[in-house]
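1. Here's a sequence, model it:
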Amino acid sequence: MAWSAAPADYARFAAAAFASSDGPLLEAAAGSAAATAGLHATSQRPTVLVDLSRSMLERAARHIAAARDGGDWSDLPARIRLVQADLSELPFPPHGFTTVLGLGLLHLFEDVPALAGKLRAQLAPHGRLYLAGLVAETRRARWFLRALHRGGEVAAPKTGQELYAELGRPARFATTGCMAYATLPAA
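-> Now for the predicted structure:
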C-alpha cells in the first residue's frame with residue numbers, strides 16, 4: 001500500500017526476464033527469492049542466485065524447493081547454484097549470462113550507474129539486464145524512503161525520472177506506482 005505498486009507487475013517483470021532467453025541467468029541480490037522461487041522451480045535455465053547474506057540464500061533454497069515439490073531445500077537441481085558474494089565483486093568471468101535480473105535493488109545503491117555497469121559486464125553479447133527498484137513517486141513513498149535512508153537502509157531517494165537518467169535512458173523503462181522497471185541491453 002505504501003508503494004502503490006501491484007505485485008502482479010513485479011511478477012510479470014520477473015517472468016519476462018526468465019522468458020527472455022534459454023541461456024544462463026543470474027539473479028543479483030536474490031534475497032529469499034520470494035518473488036522468483038516459482039520461476040526458478042519451473043525454469044530449465046542454468047541459474048545462479050547471488051546474495052551477500054548466507055541466511056537469505058538458505059531461505060531462497062527453501063522457497064525454490066517448496067515451489068518445486070516441497071522437497072528438501074538442500075537438494076536443488078544441479079542447474080541452480082547459490083553463491084554468497086558482493087555485487088561489486090562478483091566471482092564470475094565476464095559475459096557469462098544471457099540474462100541478469102535484479103528485483104527490488106535499485107533503491108539500495110547510491111551509485112546506480114556503477115551497479116548497472118558491474119551487472120552489464122556479466123552479460124553475454126545480446127544479453128539483457130532487468131532491474132527494478134523503489135522510486136519516490138508519491139508523497140508517502142518520499143516520506144518512507146527518506147526515513148529508510150536516514151536509518152541507513154536505502155540510498156537517497158530518487159524519482160523515476162532521475163533513475164531513468166542515471167541508467168542512461170534504458171531501452172525499456174516504466175513505473176507502476178513507486179516501483180520502477182528497467183531493461184538494458186548488454187554494454
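
2. Pull up the pairing partners for the top strand by length along the chain, direction included.
-> Longest strand of the chain, by residue count under DSSP state E: strand 123-134. Applying DSSP bridges to the sheet, strand 123-134 is found paired with strand 97-102 (parallel), strand 179-185 (antiparallel).

3. buried set for that strand?
-> For strand 123-134, a neighbour-count test (16 or more other Cβ atoms under 10 Å) marks 123-124, 127-134 as buried. Placement of C-beta: from N, CA and C, glycine included.

4. can you list contacts of stretch 115-126?
-> By Cβ atoms under 8 Å, 6 or more residues apart in numbering, the surrounding residues in contact with stretch 115-126 are 23, 26, 28, 87-88, 90, 92, 94-100, 102, 105-106, 109, 129, 131, 167-168, 184-187.

5. ok now it, how far from the chain's centre?
-> 13 Å (Cα atoms, centre = their mean, to the nearest Å).

6. My read is that Gly160 contacts Thr175, right?
-> Yes: assessed by Cβ atoms under 8 Å, Gly160 is found in contact with Thr175 at 4.2 Å.

7. what touches both of the two?
-> With Cβ under 8 Å, 6+ apart, Gly160 and Thr175 have common neighbours 135, 137.

8. Helices of this protein, residue ranges please.
-> Secondary structure of the chain, counting by DSSP state H: helices at 7-19, 37-42, 54-68, 112-120, 139-150, 160-166.

9. could those helices go into a markdown table alongside mean pLDDT and distance to Arg79?
-> Below are those laid out as a markdown table (pLDDT from 0 to 100; distance: least, Cβ to Cβ, whole Å):
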| stretch | mean pLDDT | distance to Arg79 |
| --- | --- | --- |
| helix 7-19 | 91 | 13 |
| helix 37-42 | 94 | 9 |
| helix 54-68 | 93 | 11 |
| helix 112-120 | 96 | 21 |
| helix 139-150 | 90 | 35 |
| helix 160-166 | 95 | 33 |
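
10. Indicate which one of those is closest to Asp75.
-> helix 54-68 (7.0 Å; Cβ to Cβ).

11. That closest one - contacts with which helices or strands?
-> Counting contacts by 3 or more Cβ pairs under 8 Å, 6 or more residues apart in numbering; DSSP states H and E, helix 54-68 packs against helix 37-42, strand 47-51, strand 80-84.

12. buried stuff in it?
-> 56-57, 59-65, 67-68.

13. is it true that Ala67 touches His40?
-> Yes: judged on Cβ under 8 Å, Ala67 makes contact with His40 at a distance of 7.2 Å.

14. And the residue nearest the centre of the chain?
-> Nearest residue to the geometric centre of the chain (Cα atoms, centre = their mean): Gly102, 1.5 Å.

15. Next, work out how far apart that one and His63 are.
-> 17 Å (Cβ to Cβ, to the nearest Å).

16. Same question for Ala180.
-> Applying Cβ to Cβ to Ala180 and His63 gives a distance of 24 Å.
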